[in-house]
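> have a look; sequence and predicted model below, questions after that.
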Amino acid sequence: MAQIVSSNADLAPGDLKSAALDLSSFQIDRIRTANDPLFGIAYAALWAEFGAKDEMELRETLAQRFGLAPRMLYEMILVRRGGEFVAVRDHTAAVADGAAVVHLSHNLVAPHERRTGIAGWLRAWPIQAARECLATQGLPADAPVTLLAEMELDRPDDEARAIRLKAYERGGFRKIAHAVVPYHQPDFRAFAAIDATGGARPLPFQLVVRRVGKEGEHTISGREVRGLVRALYAIYAPQFRPADLAHPLLAPDRLPPDDAVIPLLPPTQC
């Protein structure tokens, strides 16, 4: 089993609280198969938080995603202390155009462990999955790495969301404005629900990215954005029917052209 190596070099410059956190009291486990005894604990925590919102995949979907290795690397990271739940996150690393892209799916920290610095590590550890994925493809460890997350559209009245965005901003992430890049997430509903309502209904989301080592850059090219979205849809593809992924809102021609220069905004900027 791959081991977690907690290197401060992977933290974003603003994650000072995380850099000062003593990790020696935590048990940190990587989960790479649905047969892992810890998978049930990790999945139950995520399902309790995200399942009712239709934001969590079914167990069988994740079992399939685990099986994509080594072409793509899906994993959960479960953090405990004294046997008690602290946090869990899951993510998928993939290689596209000679670079690694890590889709940050879900992140959950126990209320009593928030604002301790553990969240910064949950954003940094996926970089290791990216490097491992690069190695399996014969690419150098210093190839570009981008962490990518989907966020709901701006809602100034949503305090919890505002807190998440502040954390992403502190963690070196920048926002690709939806007005410029009209990204949509595929319809995660059950196939029966999709068919009963006349077809797939992709949802509008904003993309926030941390381009590791390039956190100070405030623009991104259309070509890079297209590559990120292609990688994200490729990660999603095995769990969707081709017809649902062919929805016009998911068409690549809705994205800016390769030569476009797109501003990267602070995640908290509406």
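Received the coordinates, thanks. Numbers count the residues shown, from 1 in each chain.
> alpha carbons only for contacts and neighbour counts from here, please
Will do.
> looking at the chain, which helix or strand does the model trust least?
Taking mean pLDDT, DSSP states H and E as the measure, the helix or strand of the chain with the lowest value is helix 159-170, at a mean of 83.
> ok, the residue nearest to Leu250 when sequence neighbours are not counted to Arg210 distance?
Spatial nearest neighbour of Leu250, chain neighbours left out: His184 (6.2 Å); criterion: CA to CA, 6 or more residues apart in numbering. Using CA to CA, to the nearest Å, His184 is found at 19 Å from Arg210.
> with Pro140 instead?
In this structure, Pro140 and Arg210 are separated by 19 Å, where distance is defined by CA to CA.
> neighbour-wise, which of these two wins?
Per other CA atoms under 10 Å, whichever of Pro140 and Arg210 has more neighbours is Arg210, with 23 against 13.
> SS state for the more buried one?
Classification of Arg210 into helix, strand or coil gives strand, according to DSSP: H, G, I helix; E, B strand; the rest coil.
> and for the nearest residue to it once chain neighbours are set aside, the neighbour number?
By the measure of CA to CA, 6+ apart, the closest residue to Arg210 outside its immediate chain neighbours is Phe173, 4.4 Å from it. Counted with other CA under 10 Å, residues neighbouring Phe173 total 29.
> tell me where this structure has strands.
With DSSP state E as the criterion, the chain has strands at 27-31, 72-81, 84-96, 99-109, 145-151, 174-176, 184-185, 203-204, 206-211, 219-221, 261-265.
> out of the ones you listed, deepest packed?
Comparing these by mean neighbour count (mean count of other CA atoms under 10 Å), strand 174-176 ranks first with a mean of 25.
> partners of it, with directions?
In the sheet, strand 174-176 lines up against strand 206-211 (antiparallel), strand 261-265 (antiparallel) (DSSP bridges).
> pLDDT weak spots in the stretch 1-150 of the chain?
For the stretch 1-150 of the chain, the stretches with pLDDT under 70 are 1-3.
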